[in-house]
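Engineer: I would like the atomic coordinates for the input below:
(chains A, B and C)
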Amino acid sequence: MSETGGVPEIVPEFVLPPPTGAYRRLNPTTKLLIALAEALIAFGVRGWSGPVVVLAIVLASGARAGVGARLVPFLLATIPLVASILLVNTFLYPGATDRIFVLGPLAPTWTGLVFAGQATLRVIAFAMSAAVLGLTTGPDELVADLERRGMGRRTAFVLSATVRSVPRVLERVREITEAQRARGLDTEGRIWRRVRGLVPLAGPLLFGALTDVEEQTMALEARGFSAPARRAVIRTFPDSTPQRALRLLLAAGTPLVLLVSVIGMLGFLP
Amino acid sequence: MTSLATESLVFVYPDGTRALDGVSLQIGGGEAVGIIGQNGSGKSTLIRHFNGLLRATEGRVLLDGQNVNERHVAELARIVAVTFQNPDRQIFAGRIGSEVAFGPRNLGVRGTDLEQRVEEALKAVDLGPRGAANPYDLGFSQRKLLALASVIAMETPVVILDEPTTGQDARGLERVRSIVRRLVGAGRTVVVTSHDMRFVAETMERVVVLRDGQVILDGPPEEVFAADRWPLLGTTHVEAPWAAQEGARLGLGSTPTEASLFTALQAWGGQV
Amino acid sequence: MSLSLRSVTYRYAGSSRRVLRSLDLSIERGEVLGVVGANDAGKSTLCLVAAGLAPTTIGGRLDGEVAIDGAPSAGARPHELAQRCGVLFQNPVTQLSGTTATVWEEIAFGPRNLGLALEAIVERVAWALSLLNIDVLAPRDPARLSGGQAQLVALASVLALRPAYLVLDEPTSQLDPQGTQLAGEAFARLTRSGEVGILLVEHKTDLLERLADRVAVLAEGELVAVGPAAGVLADERLEAWGVDPPARVRLARAAERAGVQLPVSAA
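Structural biologist: Numbers count the residues shown, from 1 in each chain, chains lettered A, B, ... in the order given. Coordinates of the predicted model:
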């Protein structure tokens, strides 16, 4: 395993454009483990400290990776969820009595507001962490690295094909919606009519997925996918002793932090 | 009879692609118009404007002189029915008959009227006796015909067919051709996109050629496929149908269809 | 040396219908055999059976024998069959693995599966790219190709397994005129190279007239005609079998009917 990673000289150089920037140059598996640890801590550590610390780390690493501005759309995407979390908890927190004010049937509580604020931070921290991973790590890079580390070929394939198929599925949903709307399906009218319209939309989606799988299975077999041979490694990614140490630390440390938090030994933190 | 028109229609996709770049077309009620051009020339984008699936970035789209802009797609479907390239993006019912009934049912058709429409549409595509079968027991080309039937049954004044000829064999092509002719005979306005130039020349009265979102040729087949237009057609990778090519080679004038080529041959033979 | 089918009858899994009936057919190394027939004649099934995907991958029941250069396909594993006979389907999109970032890696996918050393993989990818004259596509993202380009990449991906035979199932049916042109040129290069024996299923008889050495006609799962391309494509019964004769043949017939002598250039 080289310190820099790369592609053997005989492979054309366009196969792996060298990543730039300190964060991007991290090994894909390291970045995956960082994202996982961040998600677990954001949701698993009680109180404010978990989400606040994670959010600070995520934003710092996002800035370091130079993807700061590109995080904004992901932040905006959390708005519907965040809004509903804020509303539901602030106004309807079960059992809370410390009302902020009362206005007719509306009675927001401090307990609810605090809980809602923490939940919001957790969601945002998680979304930002996933976004940093997605923006700095190509799915094919991640899979190639995991495969080199011994993950099963089929698992690697399914994982990578799933990630890469997302745009295709979205395109298909658009085509199906268009075809059914062109036949008079009402997707702009009243709610109950829209709900009724789900069957004609789901049907072709499921069937399309099934026929695709059949065709793709044949195409894969025609390319020797089930051969038992060991595959030559084309791309290797930079790795280093500090990174290995970091991964070990994350793998061992994260469950420990969670455990300590769950049994209440972090009570001194806000 | 319903007319279609676009006035300096421009459409820009969110990614910035200018798919239509000032298209002005007048399509009279009862006309049969073929739209050709390579992928990416704007054919699909254009037809999606006629039933409101896409909304003009600039310019206007008119149905019988009325702007379509403010009207829902479900409402426009009463006037303009569209069937797209891939039948598997629409087939969902467990029975062929129910699949065909979906469109007219959405338009509020019920009872014996509905049954009759389904029966007639299935007969038109040669699937008459198979109404109770599962659509996915049909081969791809038959599923395409089924999608066609499901649009015919809506009995809209305007019918738009996106690539109806893909995957059809000689018989299937003849079937599609006769359906288009029958629709036009019944006073419907029919717009068809196709990569099959022979089909277009033999089925449509007028051919519109798109390139990079602009109309570069518009006229009857004998004009559009005439030899002096080939260089222009070549710029969008369209090749004139073989009858036109043979006719030009034999010096018989513009003969875009086999029938016109044979007539010209006969007349020429008479002169010898 | 040939890919041969001897009295082959095939039924899909869960169906008793004989989609292919007592078929005898062979494709020589370096030859192009065109196959025509109406849409339900069994052409696609013939492709699957010849390539060994039916029954090895999709099941069903095969009677008779399929053999490639003398080795029976029955009992062979899918990756062994893939190196004897490659197959290209109609839809360019589902044939790509969807897991690679560049066309180069996409074409390397098959050779990697075979466990080849990196040097051999690199050599094969370069060979397939240059055989089809698509070297310029190598750095591109496979998900962002036109239909015609994607179809050629799929073909190169199959060729990289160096099969002695190749089955092409209506490879241009879903392409636009430019894609068809592009693919047509690549097929012509491939057939001229004489590297492989090709079974080409194609509606466009004009294309077959240019590319095929022999043509076979299927009707309702049976082989009703096979022989040199010019002869079969001029057969009087072609239209009755649901096949459009090539333009040249139609023209000659029309001239005959009109009682006109065509100039030599047109004949």
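Engineer: pLDDT at the closest residue to chain C within chain A, what is it?
Structural biologist: Of all residues in chain A, residue A:229 sits closest to chain C, at 2.3 Å by CB to the nearest CB. For the C-beta atoms, the positions are set from N, CA and C on the backbone; glycine is no exception. pLDDT recorded at residue A:229 is 83.
Engineer: ok, residue A:57 next?
Structural biologist: 93.
Engineer: which non-adjacent residue is nearest it?
Structural biologist: Spatial nearest neighbour of residue A:57, excluding adjacent residues (CB to CB, 6 or more residues apart in numbering or on different chains): residue A:38 at 6.7 Å.
Engineer: about what we covered before: can I assume the residue of chain A closest to chain C sits in a helix?
Structural biologist: No: applying DSSP: H, G, I helix; E, B strand; the rest coil, one finds residue A:229 to be coil, outside a helix.
Engineer: who are the packing partners of the lowest-mean-pLDDT helix or strand in chain B?
Structural biologist: Here the helix or strand of chain B ranked lowest by mean pLDDT, DSSP states H and E is helix B:258-271, holding a mean of 81. Secondary-structure packing of helix B:258-271 (3 or more CB pairs under 8 Å, 6 or more residues apart in numbering or on different chains; DSSP states H and E): helix B:197-203, helix B:242-249, helix C:247-258.
Engineer: now do the last one against helix B:242-249, angle only.
Structural biologist: Here helix C:247-258 runs at an angle of 70 degrees relative to helix B:242-249 (axes from the mean of the first three to the mean of the last three CA atoms, to 10 degrees).
Engineer: buried residues in helix C:247-258, which are they?
Structural biologist: Neighbour counts over helix C:247-258 (16 or more other CB atoms under 10 Å in any protein chain shown) mark C:247, C:248, C:249, C:250, C:251, C:252, C:254, C:255, C:258 as buried.
Engineer: quick revisit: residues in contact with the nearest residue to the residue of chain A closest to chain C once chain neighbours are set aside?
Structural biologist: Using CB to CB, 6+ apart and skipping residues adjacent in sequence, the residue nearest residue A:229 is residue C:115, 2.3 Å away. Under the criterion of CB atoms under 8 Å, 6 or more residues apart in numbering or on different chains, the neighbours of residue C:115 are A:227, A:229, A:230, A:231, A:232.
Engineer: with residue C:39 instead?
Structural biologist: Residue C:39 makes contact with B:139, B:141, B:142, B:167, B:168, B:169, B:171, B:172, C:242, according to CB under 8 Å, 6+ apart.
Engineer: gap between whatever residue of the stretch 1-150 of chain C ends up closest to chain A and residue A:242?
Structural biologist: For the stretch 1-150 of chain C and chain A, the shortest gap (CB to the nearest CB) falls at residue C:115, measuring 2.3 Å. Counting by CB to CB, to the nearest Å, the separation of residue C:115 from residue A:242 is 34 Å.
Engineer: do the same with residue C:189
Structural biologist: 52 Å.
Engineer: so if I had to pick from these two, which one is more boxed in?
Structural biologist: A direct count of neighbours by other CB atoms under 10 Å in any protein chain shown for residue C:189 and residue A:242 places residue C:189 higher, at 13 against 9.
Engineer: surely that one forms part of a strand?
Structural biologist: No: Residue C:189: not assigned to a strand; according to three-state DSSP it is helix.
Engineer: please parse chain B into its domains.
Structural biologist: B:1-71+B:192-239, B:241-272 (automatic domain parsing).
Engineer: report whether stretch C:133-141 contacts chain A.
Structural biologist: Yes: Stretch C:133-141 reaches chain A (CB under 8 Å from any CB of the partner chain) through C:138, C:139.
Engineer: end to end on that stretch, go ahead and measure it.
Structural biologist: 17 Å (CA to CA, to the nearest Å).
Engineer: got the residues of chain B near chain A?
Structural biologist: So chain B meets chain A at B:48, B:51, B:53, B:72-74, B:77-78, B:81-84, B:86, B:88-93, B:102-103, B:106-107, B:136, B:150-151, B:154 (CB under 8 Å from any CB).
Engineer: can you check the pLDDT for the closest residue to chain A within the stretch 101-250 of chain B?
Structural biologist: As assessed by CB to the nearest CB, chain A sits closest to residue B:106 within the stretch 101-250 of chain B, at 3.1 Å. Note for residue B:106: predicted pLDDT of 93.
Engineer: so it makes contact with residue A:186?
Structural biologist: Yes: using CB atoms under 8 Å, residue B:106 is in contact with residue A:186, at 7.3 Å.
Engineer: which one's more surrounded, those two?
Structural biologist: Between residue B:106 and residue A:186, residue B:106 has the larger neighbour count (other CB under 10 Å), namely 21 against 18.
Engineer: nearest spatial neighbour of that one, skipping sequence neighbours?
Structural biologist: Using CB to CB, 6+ apart, the closest residue to residue B:106 is residue A:184 (3.1 Å).
Engineer: the residue nearest to residue A:227 when sequence neighbours are not counted: how many residues sit nearby?
Structural biologist: Nearest residue to residue A:227 in three dimensions, chain neighbours excluded: residue C:79, at 3.5 Å (CB to CB, 6+ apart). Neighbour count of residue C:79, defined by other CB under 10 Å: 21.
Engineer: ok, then the element right after the helix or strand where residue C:79 lies?
Structural biologist: Residue C:79 belongs to helix C:78-84 when assigned by DSSP states H and E. With elements assigned by DSSP H and E, the helix or strand that comes after helix C:78-84 is strand C:85-88.
Engineer: and the helices in chain B?
Structural biologist: Counting by DSSP state H, chain B has these helices, from start to end: B:43-50, B:73-76, B:96-106, B:111-124, B:140-152, B:170-185, B:197-203, B:221-224, B:230-234, B:242-249, B:258-271.
Engineer: with the stretch 151-270 of chain A instead?
Structural biologist: Remark: helices assigned in the stretch 151-270 of chain A by DSSP state H, counting those that start in this stretch are A:153-182, A:191-196, A:198-221, A:241-262.
Engineer: just the buried residues of stretch A:86-95, please?
Structural biologist: Neighbour-count burial for stretch A:86-95 flags A:86, A:89, A:90, A:93 (criterion: 16+ other CB under 10 Å).
Engineer: spatially nearest residue to residue B:140, not counting backbone neighbours?
Structural biologist: Going by CB to CB, 6+ apart, residue B:140 has residue B:167 as its nearest residue, at 5.3 Å.
Engineer: alright, that wraps it up for me.
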